[in-house]
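Novice: here is my input, please return the structure:
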Amino acid sequence: MPKRTHAQRKVYPKCSITQLPDKLLMCIFRQLPRYAILPATEVCTRWFALISSSDLLHGFTLRVDLALLQLQDEHNSVLEYEYFLNRSVRPYRKMQVVIRDHRSFVVAVMALRRFGPHLTDLSLTLDHRCVYPSYMQLHFTRMKDIEMGLEEHQQMLWEQEIESYDRCLVLIALSKEKLKALKRQSNLWQDEAKYRRIEEVFLAFVYRQCLQLERFHIKRIQNLRETRTKTLHYVGVGMERLQEMELTGTGLIVLPDSFRLRKLTVQGVTTGHPFYGGFAGAFPLLAHLEISDDMQFDNVCLWKICKRCPSLEDLIFVSDRITKEGFCYMHRLPRLRKLSITLTGKHPDCQFEGCRALPVENLFVCCSELRAETIQATLTQNENMKEFVIRTKSCIEYSVLYRLQQLRPTCRLTYTQVVV
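Specialist: Model prediction:
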């Protein structure tokens, strides 16, 4: 076969990737994963200007490598993350943070210092299955080693801020007399603060930095050995714009002063009475409250909610400790429109005994035993009710359901028999 001449060969243009036209570069950049966008801005000033002026930096992912074990590598990685954060000039409104070790903790602090004043939506996951024992003194020792390569004013970061946070974090579970005694004796107060977990200071740091937050989700994945629960009330600067807050996981719960909070979701075990007793000054406009998987929720907790949250419109809870006495407190909620009650039936007295006259429009009841007389009394007393959903193991005959429906034709009655 005769060879082709040089003129017959297809000659491809030879150039560097940095010399490609902007349109072709943007096609390449859009194929990169989110965590590779920021490193691409380091190649040259042209790439930095091109990426910064596009929508590629509307969101980015900063991955913290947990495989680095050498201390020197930790210094370099922290400095690298700080460099990336400082190059991001946009005021981001939404952030998702996952903390698994001390290095990711430091990076999260730097990110919140950089973007915290502009955030409106923050999702925080505290994963304690992969960390070392995270008490404050151990964290300080590790933090100093990591921050040796940072600027001088950041090396004493937590030593300077812990003093102000100690004055802002008040243990709700402590009585006023014990709290005053601890404050009088500075040594005892320091001993109490010594064993505070790092997330206590971190959450107080969030409440101080992110004053524009409107939605806040805290998820705590804890070690199964650690079952202690502690509730604190942050009495510092109030989060005036916070409207939605979700707490997931058993363990630490820090409540801020949120005068405009309208939706609160609690999934996990709390301290019970001290936690729900803190609603008096913290959430005066709370309209939606959802409680699940809280074994400490009982009649007293329900009484405190009905007494301290008169603006409630939606109340959803799951409990095995609510009895007939607890349902008598709900007449304190004049604005209640939606009520969802799930009784697990583990307690012998945990049964739905009906509600007094309430302005409820949607009622959902799930329990093991439910009598037809109770359903009839509930329909008769609540004239504003438009929908009544029932889930129970009890068998209710169709003729009885038909008679109950004819009793209140304007209310939609739905019955489902749960088979165990």
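Novice: mind listing the strands for the protein?
Specialist: 94-99, 121-127, 169-171, 215-221, 231-234, 244-248, 253-255, 263-267, 288-292, 314-319, 338-343, 362-367, 387-392, 412-417 (DSSP state E).
Novice: weakest of those strands in terms of mean pLDDT?
Specialist: Sorting the strands of the chain by mean pLDDT places strand 169-171 lowest, at a mean of 53.
Novice: helices and strands of this structure: which one has the lowest mean pLDDT?
Specialist: Among the helical and strand segments of the chain, the one scoring lowest on mean pLDDT, DSSP states H and E is helix 186-194, with a mean of 45.
Novice: pLDDT weak spots in the stretch 251-400 of the chain?
Specialist: For the stretch 251-400 of the chain, residues meeting the criterion pLDDT under 70 lie at 251-252, 280-282, 345-349.
Novice: can I get the strands of the chain in a markdown table including distance to F279?
Specialist: Quick note: C-beta positions are derived from backbone N, CA and C, even for glycine. Listed next are the strands of the chain as a markdown table, based on distance: least, CB to CB, whole Å:
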| stretch | distance to F279 |
| --- | --- |
| strand 94-99 | 26 |
| strand 121-127 | 22 |
| strand 169-171 | 15 |
| strand 215-221 | 16 |
| strand 231-234 | 10 |
| strand 244-248 | 12 |
| strand 253-255 | 9 |
| strand 263-267 | 9 |
| strand 288-292 | 9 |
| strand 314-319 | 13 |
| strand 338-343 | 18 |
| strand 362-367 | 23 |
| strand 387-392 | 27 |
| strand 412-417 | 32 |
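Novice: of all those, which lies closest to I37?
Specialist: With distances scored as CB to CB, the stretch of these nearest to I37 is strand 94-99 (15.8 Å).
Novice: other SSEs contacting that closest one?
Specialist: helix 102-115, strand 121-127 (3 or more CB pairs under 8 Å, 6 or more residues apart in numbering; DSSP states H and E).
Novice: which residues are in contact with it?
Specialist: 59, 104-105, 108, 111-112, 115, 119-127, 199, 202 (CB atoms under 8 Å, 6 or more residues apart in numbering).
Novice: list the buried ones in it?
Specialist: For strand 94-99, the neighbour count (16 or more other CB atoms under 10 Å) marks M95, V97, I99 as buried.
Novice: who are the contact partners of the residue nearest to R391 when sequence neighbours are not counted?
Specialist: Leaving out its chain neighbours, the residue that sits closest to R391 by CB to CB, 6 or more residues apart in numbering is C366, at 4.2 Å. C366 makes contact with I341, T342, L343, I390, R391, T392, V418 under the criterion CB under 8 Å, 6+ apart.
Novice: wait, isn't the fourth one in contact with R371?
Specialist: No. The pair I390 and R371 fails to qualify as a contact (CB atoms under 8 Å) at a distance of 11.1 Å.
Novice: of those two, who's got more company?
Specialist: I390 (23 against 15; other CB atoms under 10 Å).
Novice: and the residue lying closest to that one once chain neighbours are set aside, how far is that from V98?
Specialist: By the measure of CB to CB, 6+ apart, the closest residue to I390 outside its immediate chain neighbours is Y415, 4.8 Å from it. Going from Y415 to V98 by CB to CB, to the nearest Å gives 43 Å.
Novice: check V365 too.
Specialist: Counting by CB to CB, the separation of V365 from V98 is 38 Å.
Novice: swap in D320?
Specialist: According to CB to CB, D320 stands 32 Å off from V98.
Novice: which ones are touching S340?
Specialist: L315, I316, F317, L363, F364.
Novice: in those, find the pair that's most separated.
Specialist: So, the contacts of S340 by CB to CB: farthest apart are F317 and L363, at 13.2 Å.
Novice: tell me, what's touching the two both at once?
Specialist: By CB under 8 Å, 6+ apart, F317 and L363 have these common neighbours: S340, I341.
Novice: in stretch 343-361, what counts as buried?
Specialist: For stretch 343-361, a neighbour-count test (16+ other CB under 10 Å) marks L343, C350, Q351, F352, E353, G354, C355, L358, V360, E361 as buried.
Novice: how many neighbours does P21 have?
Specialist: There are 8 residues near P21, going by other CB under 10 Å.
Novice: now it: phi and psi?
Specialist: P21 has phi and psi values of phi -70, psi 160 when expressed as degrees, to the nearest 10.
Novice: make 328 the first number, not 1, from now on.
Specialist: With the count now opening at 328, the last piece we talked about shows up as P348.
Novice: so what pLDDT did Y408 get?
Specialist: Reported pLDDT for Y408: 74.
Novice: how many neighbours does the closest residue to it other than its chain neighbours have?
Specialist: Closest residue in space to Y408, ignoring its immediate chain neighbours: V434 at 4.8 Å, by CB to CB, 6+ apart. V434: 22 surrounding residues under other CB under 10 Å.
Novice: and the gap between V434 and E407?
Specialist: 10 Å.
Novice: and what of R441?
Specialist: 14 Å.
Novice: repeat that for Q423.
Specialist: Where E407 is concerned, Q423 sits at a distance of 20 Å (CB to CB).
Novice: list the buried residues in stretch 349-361.
Specialist: Neighbour-count burial for stretch 349-361 [16+ other CB under 10 Å]: L352, F356.
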